[in-house]
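J.: model this:
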Amino acid sequence: MEHSFIENNQSEVYLKSKACKEASNKFQLSSSSDKNKILLTLSNLILEYQEEILENNLLDINHAKKIGYSNSQLDRLSLDEKRIDQLSKSILDVIQLEDPIGEIIESYNRPNGLEIHKKRIPLGVIAIIYESRPNVTIDASILAIKTGNCVILRGGKEAIHTNIYLTSLIKNALVLNNLTPDIVQIIEDTDRKYAIELMHMNQFIDVLIPRGSASLIKTVLENSTIPVIETGVGNCHIFVDESADIQMAKSIILNAKVQRPSVCNAVETVLIHKNISQDLNEVLIPSLLENQVELHVSNDILQDYPNLYLANEYDWITEYLDLKLAIKTVDTLDEAIKHIQTYSSKHSESIITQNQMNAEKFMNEIDSAALYHNASTRFTDGYEFGFEAEIGISTQKLHARGPMGLKELTSYKYLIYGDGQIR
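T.: Predicted coordinates:
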């Protein structure tokens, strides 16, 4: 049964979705040069209007403080001069990337003389529903523009002033290059019902990407009539094997938890082999506590460190996105693998070991988007993978997996050339 709001053709969601679809029919034919001119204009506008961006971001931050946002939540929301410079630079980096649109992926001839070419094309119209992080407004838009896609943005109410202002700069960049501003749309009304309405605009939108909490992604998966690429939830693990270098393990765990705990590639659970547990904990736990990390540990660790918290089932399934960490002692590599297979969100996992066979077993048997050997999970990022930006990190297998850069925002079509063939 159709939802009644589909018939409301005067709603903001309907009108902007329709306009975006109409814009995509022409924009997908844009040249690489024209798309890069838009991006260069935007990069300059972001620097030129830095003060205005910060003013709008401050409105969002002040409101978030009033309603009790934690420090990690505020970090996800905040922009400063350094982050704005990074946004501008990331656009310049994307300009330098090769445009995948129009690439002939493969060509072959059939015995009947038909000549078949597989050509890379834009997805069309991409909608993205996201929370907190206003940099997503820029990242999503520049990747969409570079690949000839149109995009509909629906950020959360906590970042609405920043998101609307950033989108105005993107629209200005389009207009200054003689293109319709409808290529990039933002849903300004943050009422949840309009997010639900957006999830049903399958007549205009080709793919929907949610970025945010587990509850947001669950809502999208349950309600969307548009194909969804599931992203974001990062219940990430690090397993410290018995042959691990203790100082390396300490360094990697601290980086993965402390550097930026509010992001999806931060570690949430550390598993430690029993044969190295005592020695590692002697150096690791004091360092984590010095960095204000709240520790939830298995019972054997609690006996040695009674001031910590006893971990329970909730801790194994939770993406904290905060200065909190669960630690568990395991008897074997197989037990570590089983734990991760049970609780992982299939985002990123790492093994710290000097045993190559154990590393290969870990990386072969665990089915996550990114597996690391002797490295931090914090590298699961479009920029770190050489994509310069990302529209999200897919934790599913269709049609993309891991950090989603330019090629992940494309599809393909077959071009078949004949000379009168019939079947």
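
J.: show me where the stretch 301-423 of the chain has helices.
T.: 313-317, 333-343, 356-365 (DSSP state H, counting those that start in this stretch).

J.: Show me the contact partners of the longest one.
T.: Among residues not part of helix 333-343, those counted as contacts by CB atoms under 8 Å, 6 or more residues apart in numbering are 235, 237, 239, 241, 269, 271, 273, 316-317, 328, 330, 349, 358, 361-362, 365-368. Using the backbone N, CA and C atoms, a C-beta is placed for each residue, glycine as well.

J.: most packed of the helices of the stretch 301-423 of the chain?
T.: Among the helices of the stretch 301-423 of the chain, the stretch with the highest mean neighbour count (mean count of other CB atoms under 10 Å) is helix 333-343, at a mean of 17.

J.: Let me see the mean pLDDT of it.
T.: The pLDDT scores in helix 333-343 average 98.

J.: Equivalent analysis for stretch 126-136, please.
T.: 94.

J.: and that stretch, how far out from the chain's middle?
T.: Distance of stretch 126-136 from its chain centroid, counting by CA atoms, centre = their mean, to the nearest Å, is 9 Å.

J.: Need the distance between the two termini of that stretch.
T.: 13 Å (CA to CA, to the nearest Å).

J.: for stretch 226-244, same thing?
T.: Distance across stretch 226-244, first residue to last, is 45 Å (CA to CA).

J.: how far is that stretch from where the chain is centred?
T.: How far stretch 226-244 lies from its chain's middle: 12 Å, per CA atoms, centre = their mean.

J.: ok, back up a step: turn the helices of the stretch 301-423 of the chain into TSV, including distance to Pro306.
T.: Below are the helices of the stretch 301-423 of the chain laid out as TSV (distance: least, CB to CB, whole Å):
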stretch	distance to Pro306
helix 313-317	17
helix 333-343	24
helix 356-365	32
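
J.: Compare these and report which one is nearest to Ala140.
T.: helix 313-317 (28.4 Å; CB to CB).

J.: got the contact list for stretch 19-31?
T.: Stretch 19-31 has contacts (CB under 8 Å, 6+ apart) with 101, 121-122, 124-125, 148-152, 179-180, 182-183, 185, 203-205.

J.: In PyMOL, select just the buried ones from those residues.
T.: This is the PyMOL syntax for the buried subset of the contacts of stretch 19-31, where burial follows 16 or more other CB atoms under 10 Å:
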select buried, resi 101+121+122+124+125+148+149+150+151+152+179+180+182+183+185+204+205
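
J.: Let's see which of the contacts of stretch 19-31 end up in strands.
T.: Using DSSP state E to define strands, the subset of the contacts of stretch 19-31 located there is 121-122, 125, 150-152, 185.

J.: And those residues, which is closest to Asn255?
T.: Minimum distance to Asn255 across the ones in strands among the contacts of stretch 19-31 is 32.4 Å, recorded for Val151 (CB to CB).

J.: Model confidence for the residue nearest to that closest one when sequence neighbours are not counted, exactly?
T.: Nearest residue to Val151, sequence neighbours excluded (CB to CB, 6 or more residues apart in numbering): Ala144, at 4.0 Å. Per-residue pLDDT puts Ala144 at 98.

J.: pretty sure Ala144 is in a helix, no?
T.: Yes. Assessed by DSSP: H, G, I helix; E, B strand; the rest coil, Ala144 belongs to a helix.

J.: residues near it, how many?
T.: 28 (other CB atoms under 10 Å).

J.: do the same with Lys37
T.: Lys37: 18 neighbours (other CB under 10 Å).

J.: right, and it touches Asn177 too?
T.: Yes. Lys37 lies in contact with Asn177 (CB atoms under 8 Å); the separation is 5.3 Å.

J.: Pretty sure Ala140 sits against Leu153.
T.: Yes. Using CB under 8 Å, Ala140 is in contact with Leu153, at 6.6 Å.

J.: Mutual contacts of the two, please.
T.: By CB under 8 Å, 6+ apart, the residues touching both Ala140 and Leu153 are 128, 130.

J.: Between those two, which has more neighbouring residues?
T.: Ala140 (29 against 25).

J.: per-residue confidence at the more buried one?
T.: pLDDT at Ala140 comes out at 96.

J.: try Lys26
T.: For Lys26, the pLDDT comes out at 97.

J.: Phi, psi for it please.
T.: The phi/psi pair for Lys26 (degrees, to the nearest 10) reads phi -90, psi -40.

J.: And for it, the neighbour number?
T.: 13.

J.: cool, and Leu54?
T.: Neighbours of Leu54 (other CB under 10 Å): 18.

J.: Please apply the same query to Leu216.
T.: 18.

J.: So what does it have for phi and psi?
T.: phi -60, psi -50.

J.: distance of it from Leu74?
T.: Using CB to CB, to the nearest Å, Leu216 is found at 19 Å from Leu74.

J.: cool, Glu22 as well?
T.: 39 Å.

J.: Thought Val184 was touching the residue nearest to Val151, still the case?
T.: Yes. Under the criterion of CB under 8 Å, Ala144 makes contact with Val184 at 7.3 Å.

J.: Now the common contact residues for the two.
T.: Common neighbours of Ala144 and Val184 (CB under 8 Å, 6+ apart) are 150-151.

J.: before we move on, back to that, out of the ones in strands among the contacts of stretch 19-31, which is nearest to Ile252?
T.: Proximity to Ile252 was ranked across these by CB to CB; first place goes to Val151, at 35.5 Å.

J.: contacting residues for that closest one?
T.: With contact set as CB under 8 Å, 6+ apart, Val151 has these partners: 20, 125-128, 140-141, 144, 183-185.

J.: Please apply the same query to Ser107.
T.: If a contact means CB under 8 Å, 6+ apart, then Ser107 has 115-118 as its contacts.

J.: Mind doing that once more with 7 Å?
T.: Ser107 makes contact with 116-117 under the criterion CB atoms under 7 Å, 6 or more residues apart in numbering.

J.: Then it would be within a strand, right?
T.: Yes. Using three-state DSSP, the assignment for Ser107 is a strand.

J.: tell me the pLDDT at it?
T.: So Ser107 comes in at 98 (pLDDT).
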